[in-house]
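Student: return a 3D structure for these sequence lines:
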Amino acid sequence: MVDAKPFAVGDSVAINVRAPSYKLGLLARDFDAVFAAPHASFEEPVAYYVVDPGYARGDKPVPAVLARYRAMLTVMSLLREAANYVSELQRELVFIGEEHLVVPISFVASDLPASIEEQAARLNAVFEGATHRDEKTGLLADAVVEIVRAQRQADRFVYLITNLALLCEKVEKGYRLFVSSFSYSKVKKEIETARLDYLGKIHKTIVDIQGQLLGIPVATIVVATQLKKPGWCDVAFWTNTAVLLGAWIFIGLLWLAIRNQRHTLDTISLEMMAQRERLNREEAALRDDFVGMYDDLDKRVRWHRTVLLIVGGAALSGRCSLRFHI
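Tutor: I've put the predicted structure just below:
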């Protein structure tokens, strides 16, 4: 520190030399000096003045080189998220996969291409929203490694931002492939779940009346063995009446159950038809992979309808037989 009192030529003055303070802002000769400031590779300095071209942060209009720099920072924020390790002090991004790859952050104004604003917006559009964020950052990391691995370490960052369109293309293509695979897996899981549900419902149409179906031969034997030649209002007459009444009730309940189960099969068929139409409409590209499953379900529905028709026919013939006996 220098005392406030005046001093003359030849006086001894004590001074303290240290790093400049940036609290009041950065005074830079040009934008290259701004970009070389601490942490400027990752975020724009809070306050600065550039002698050439005489620009202070917040002035209008914004110089083209500053617009490109801000676009680069947009890309940098995504690269930081994708990198396994970030060293702001050493200005490095580290990607760890099959190999350990370091990308030093070193650039000047002339290294920022005119297309960087457009490509930065393009890359940022891929990362809009929180959906599949981890997968997107993984794709970005893989693309960075693939693009710069063959370059000299010192040239990697400049080469990356120069070929930003290639980076965007690789990330977009990788994400489209991921989404296609994800959609296929999701649709397949939904259809398989629906298939199991439909199978359960179809089989249930027989299981629900299985006890009544097993009762058909029992009822036949009972009717055949218990009917006797009756007299007028004797015990045999009333026994025959009770047996026939019970058989009629059984046949009526069986016929009602069969009708209900046929209605259930009709409902299942309508549900499957609606799902098949939705698949054809929304996932036409996947239709051929699942059409066989729906055909198999249709065959099962037809088979169960045939079984119910046969059982209904047996019940109807039994009813006619009872009427004949009466």
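Student: rest of the way, CA atoms for contacts and neighbours
Tutor: Will do.
Student: quick one: residue 262 from residue 202, how far?
Tutor: 10 Å (CA to CA, to the nearest Å).
Student: of those two, which one has the most company?
Tutor: Legend: neighbour count by other CA atoms under 10 Å for residue 262 and residue 202, higher for residue 202 (22 against 19).
Student: same for whatever helix or strand that one lives in, what does it pack against?
Tutor: Element membership of residue 202 [criterion: DSSP states H and E] is helix 164-207. Under the contact criterion of 3 or more CA pairs under 8 Å, 6 or more residues apart in numbering; DSSP states H and E, helix 164-207 touches helix 116-126, helix 133-148, helix 235-282, helix 287-325.
Student: kindly recompute the last result at 7 Å.
Tutor: Counting contacts by 3 or more CA pairs under 7 Å, 6 or more residues apart in numbering; DSSP states H and E, helix 164-207 packs against helix 116-126, helix 133-148.
Student: same list, those, but as TSV with mean neighbour count please.
Tutor: Output for the helices and strands packed on helix 164-207, formatted as TSV (neighbours: other CA atoms under 10 Å):
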stretch	mean neighbour count
helix 116-126	18
helix 133-148	18
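Student: can I get those in TSV including distance to residue 45 and mean pLDDT?
Tutor: Output for those, formatted as TSV (distance: least, CA to CA, whole Å; pLDDT from 0 to 100):
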stretch	distance to residue 45	mean pLDDT
helix 116-126	19	93
helix 133-148	26	91
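Student: would you turn those into CSV with distance to residue 91?
Tutor: CSV is the format used below for those (distance: least, CA to CA, whole Å):
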stretch, distance to residue 91
helix 116-126, 20
helix 133-148, 17
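Student: which of those helices sits closest to residue 34?
Tutor: Comparing the helices and strands packed on helix 164-207 against residue 34 with CA to CA, the closest turns out to be helix 116-126 (18.6 Å).
Student: what lies in contact with that closest one?
Tutor: 68, 71, 72, 74, 75, 164, 165, 168 (CA atoms under 7 Å, 6 or more residues apart in numbering).
Student: if we go to 8 Å?
Tutor: 67-68, 71-72, 74-75, 78, 136, 161-162, 164-165, 168, 172 (CA atoms under 8 Å, 6 or more residues apart in numbering).
Student: which among those end up buried?
Tutor: The neighbour-count criterion (16 or more other CA atoms under 10 Å) marks 68, 71-72, 74-75, 78, 136, 161-162, 164-165, 168, 172 among the contacts of helix 116-126 as buried.
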